[in-house]
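Novice: Predicted model and sequence follow; I will ask about them next.
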Amino acid sequence: MTDSLAPETADVQRPALVLASASPRRLDLLKQIGVCPDRVQAADIDEEPRPQELPRVLVRRLAQTKALCIAEQCANSALILGADTVVAVGRRILPKAEDEKTARACLKLLSGRSHRVYTAVVLKPSAANTHGVACERLVETSVAFHRLTDQQIDALIAQGDWRGKAGGYAIQGAAAAHIRQIGGSYSGVVGLPLFETAQLLRGQPGLAATWIV
């Protein structure tokens, strides 16, 4: 994918930016702040939590592993952006909903209570990128649902935007009508905290002048 916003001639030779995620939401969020990755390459990793693994530890490990996996595959100068999002109630990590039964169970658990959404962002330079700086951020956001009726849960399930979503809902979808409070980063709940991501990119040699004002 070509960055249409980069100048034709740049004073600084910049590395390729690779998004290590298949999530269209993360790609759209990057475009929202004027960043278009040169390539999108999903990392094929095991995302299952380890026994007794805490949400913060899991989300950092997955984001780091995604970035490292793609960095090791890059022969050219590149900067890899890895990210992951975990939804948790206390220490309990909620799964990505791949079927209606899982989505319904998640929504019933979240109904009438607050939960936490953790999103980790990692920038990892490839071996050929000798100027890149490895860095990361972890963003925690609290989200509170009002108490859902069975009919409201049925409607959310029928809407279908829960598929593949951690916790069985998409805050940018129909579930927004049932979220009474959010404390933290909205874009982090969607999948990529934009302020923190921009801050990380600003600190990378050769990137700040290209994208981030």
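Specialist: Happy to help now that I have it.
Novice: Show me which helix runs longest in the protein.
Specialist: If each helix of the chain is counted by residues according to DSSP state H, the longest one is helix 55-71.
Novice: Which elements pack onto the very next helix or strand once past it?
Specialist: Using DSSP states H and E, the helix or strand that follows helix 55-71 in sequence is strand 78-89. When contacts are defined as 3 or more CB pairs under 8 Å, 6 or more residues apart in numbering; DSSP states H and E, strand 78-89 packs onto strand 16-19, helix 55-71, helix 100-110, strand 114-125. Where C-beta positions appear, they are placed from N, C-alpha and C, glycine not excepted.
Novice: do you know how far the spatially most central residue of the chain is from residue 155?
Specialist: Centroid-nearest residue in the chain: residue 191, 3.2 Å away (criterion: CA atoms, centre = their mean). Per CB to CB, to the nearest Å, residue 191 is found 23 Å from residue 155.
Novice: Just the CA trace of the longest helix of the chain, in PDB.
Specialist: Only the C-alpha atoms of helix 55-71 are listed here, as PDB (Å, rounded to 0.1, in the frame of the first residue of the first chain):
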ATOM      1  CA  PRO A  55      -5.100  -8.900  30.800                       C
ATOM      2  CA  ARG A  56      -2.300  -6.300  30.800                       C
ATOM      3  CA  VAL A  57       0.400  -9.000  30.400                       C
ATOM      4  CA  LEU A  58      -1.500 -10.700  27.600                       C
ATOM      5  CA  VAL A  59      -2.200  -7.600  25.500                       C
ATOM      6  CA  ARG A  60       1.400  -6.500  25.700                       C
ATOM      7  CA  ARG A  61       2.700  -9.900  24.800                       C
ATOM      8  CA  LEU A  62       0.500 -10.300  21.800                       C
ATOM      9  CA  ALA A  63       1.300  -6.800  20.400                       C
ATOM     10  CA  GLN A  64       5.000  -7.400  20.900                       C
ATOM     11  CA  THR A  65       4.800 -10.800  19.300                       C
ATOM     12  CA  LYS A  66       2.900  -9.500  16.300                       C
ATOM     13  CA  ALA A  67       5.500  -6.800  15.700                       C
ATOM     14  CA  LEU A  68       8.500  -9.100  16.200                       C
ATOM     15  CA  CYS A  69       7.000 -11.700  13.900                       C
ATOM     16  CA  ILE A  70       6.700  -9.300  11.000                       C
ATOM     17  CA  ALA A  71      10.000  -7.500  11.800                       C
END
